[in-house]
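Enquirer: Take this sequence and fold it.
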Amino acid sequence: MSEDAKRFGCVVLVDRRGWLLLQERDEHPRIDPEKWGLCGGHLEPGEGWAEGAARELAEETGIVLAPEELRLLRELQVHHAAYGTTDPVAVFVAATDLTDDDVVLGEGRRIVFVEPEQARRLDLGGSASIAVPELLDSALYRELGAGVWS
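Expert: Presented below is the predicted three-dimensional model:
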């Protein structure tokens with residue numbers, strides 16, 4: 001991978017209801033302005049996927065998770081028109097007991113837990129348009145709803 005290659009790490013938290021933590025982006029970001037997306041962003045050079053995703057989650061929401069608490073949903077290849085590149089994006093998932101009141105807005109218009117069927121209907125950005133429906137249709141999502149918190 002070249003020095004200037006872009007890598008991204010994202011996290012979707014799933015609450016006890018099965019709702020997904022998503023970010024409504026504002027007009028400022030280069031990637032997917034005014035769309036709904038995943039919490040996450042650019043990884044630092046040499047930073048591991050899970051470490052970078054956990055760091056980005058903390059920066060954007062104030063929620064601190066250890067990298068080992070994250071489960072890989074999958075790695076995507078996403079075209080970012082703003083850069084003219086197709087870049088790797090690792091999407092991680094974790095169960096949480098947190099609520100909207102526990103989220104500190106560090107970036108974007110808002111970051112909230114969204115009901116699953118509503119999440120499918122949102123104007124989703126590149127990574128989210130792939131990851132959200134895939135997560136909701138996955139065995140991992142069903143597993144999270146089947147007693148991770150018990």
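Enquirer: Need the per-residue pLDDT for the spatially closest residue to residue 130 that is not a sequence neighbour.
Expert: Distances taken as C-beta to C-beta, 6 or more residues apart in numbering place residue 76 nearest to residue 130, at 5.4 Å, with adjacent residues excluded. Every C-beta, even on glycine, is put in place using the N, C-alpha and C of the backbone. Per-residue pLDDT puts residue 76 at 95.
Enquirer: what sits up against the host helix or strand of residue 76?
Expert: With elements taken from DSSP states H and E, the one containing residue 76 is strand 71-80. Strand 71-80 is contacted by residues 6, 8, 12, 31, 49-50, 85-94, 126-127, 130-131, 134-135, 138, 140 when judged by C-beta atoms under 8 Å, 6 or more residues apart in numbering.
Enquirer: Buried members of the residues you listed into PyMOL, please.
Expert: This is the PyMOL syntax for the buried subset of the contacts of strand 71-80, where burial follows 16 or more other C-beta atoms under 10 Å:
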select buried, resi 6+8+12+31+49+50+87+88+89+90+91+92+93+94+126+127+130+131+135+140
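Enquirer: Which of the contacts of strand 71-80 fall in strands?
Expert: 8, 12, 85, 86, 87, 88, 89, 90, 91, 92, 93, 94 (DSSP state E).
Enquirer: Closest one to residue 40 out of these, please.
Expert: residue 8 (6.1 Å; C-beta to C-beta).
Enquirer: From residue 54, how far off is that closest one?
Expert: Going from residue 8 to residue 54 by C-beta to C-beta, to the nearest Å gives 13 Å.
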